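J.: prediction below, plus the sequence it came from.
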Amino acid sequence: MNRAKAERQKSIDVEAAREIRQEEETFQSKAIKLGCCFVGLQGSYVTWGFIQEKVMTQRYDTGMFPSTVFLVCANRALALVVAGALMTYKSRVLRQPAPRAPFYQFSPCSISNIVSSWAQYECLKYVSFPTQTLFKSSKVIPVMLVGKFFHKKNYPWIEYVEAVGITLGVALFMLTEKAKKGGGDGAGDSVLGVLILSVYVFCDSFTSQWQDRVYKTYHVDQYAMMFGVNFFSLTFTACNLLATGEMGESLAFLAMNKAALVNVLTLSFTSATGQLFIFYTIKKFGPIVFTIMMTTRQMLSLTVSCLVFGHSLGSGAVLGTGVVFGVLFYRTKRKYDAVSRASG
């Protein structure tokens, strides 16, 4: 009797030990995947930001890179190939057909995406990379404006307070930031550069709002969205390049400047891999973890730019940077706490 009881207890202990090992393996597996996502996102987008500034601000053997639109076109070409391959794999190999939307629904956000991408490159001719990074961090403000006036969304008062805090931080930075002469960013930030940055944040806000609308209306997956947007983007930018003659001019420039060719290929590759890490991170770990990673990426990109390209920041600019990223991290923590309360 005692022996049978002992055998049952041993069996229970063995099963409990097995479950503990499985939980540990699951935790370890998730930790490894989270680490890979973090490294992948940081590596892709910090590299992308560094090369972006390099292409737009340095002189190659035969001069400055001739076309911003060509850079957007090159990025969209590789992203389209990647999205098409993933859609084919999902539908034919995994046998998981996804819902589809009328193809024209991808064109409005594609146009706004082209303009925002162009503005993101073009502004570096007139403002420093740190200014661009801080200004991009204020996207929450136009997102709220677009949501309020176009989609009739209501936001809690704390979000308006956060928007004001970010605005003040960006304003403080831009009023006190000192560009280091001879560091590749001229004598400072110009009004034209700030206007181009404004175009970027508003177009980028429209893009995300329209994509959200398509997701909710047609329930497409992220690969269909990636394919549709990049298809129209590639078509529009290629037509523009052919009509203006910038396609031939850019290809000739790449043929004469091998370093520029390497940089453009690096931009396209890191843009495509970055998109894939974005999709996987949001799906696996949720938008809050993704937001933390991307905020960290902005800080790393700003630091790399200051160290490599010699941007000097005054005390007011450093304080403004701290305010912006402090509000962003508080915003993320607040949303995390809200999700935890709702699920707990």
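T.: All right, it came through fine.
J.: burial count for Q222?
T.: A total of 19 residues lie near Q222 under the criterion other C-beta atoms under 10 Å. Every C-beta, even on glycine, is put in place using the N, C-alpha and C of the backbone.
J.: ok, the nearest residue to it once chain neighbours are set aside - contacts?
T.: Spatial nearest neighbour of Q222, excluding adjacent residues (C-beta to C-beta, 6 or more residues apart in numbering): F279 at 4.6 Å. F279 makes contact with 222-223, 226, according to C-beta atoms under 8 Å, 6 or more residues apart in numbering.
J.: out of those, which is nearest to F50?
T.: Checking the contacts of F279 against F50 with C-beta to C-beta, the nearest one is M226 at 23.7 Å.
J.: and that closest one, what does it touch?
T.: 79, 82-83, 86, 275, 279.
J.: from those residues, which ones fall inside helices?
T.: Of the contacts of M226, the ones assigned to helices by DSSP state H are 79, 82-83, 86, 275, 279.
J.: wait, which of the residues you listed is closest to S29?
T.: For the ones in helices among the contacts of M226, the nearest to S29 is F279 (19.3 Å; C-beta to C-beta).
J.: and the closest one, how far is that from F38?
T.: Distance check for F279 against F38: by C-beta to C-beta, to the nearest Å, it reads 15 Å.
J.: name the helices or strands packed onto the helix or strand bottoming out on mean pLDDT in the chain?
T.: Within the chain, no helix or strand scores below helix 140-150, which has a mean of 71 by mean pLDDT, DSSP states H and E. The contact analysis (3 or more C-beta pairs under 8 Å, 6 or more residues apart in numbering; DSSP states H and E) places helix 140-150 against helix 157-176, helix 191-218.
J.: between those, which one is closest to Q96.
T.: With C-beta to C-beta as the yardstick, what comes closest out of these is helix 191-218 (16.5 Å).
J.: in that closest one, what counts as buried?
T.: Neighbour-count burial for helix 191-218 flags 193-194, 196-197, 199-211, 214 (criterion: 16 or more other C-beta atoms under 10 Å).
J.: if we can go back for a sec, residues in contact with the least confident helix or strand of the chain?
T.: Here helix 140-150 has contacts from 153-155, 159-160, 162-163, 166-167, 201-202, 204-206, 208-209, 331, using C-beta under 8 Å, 6+ apart.
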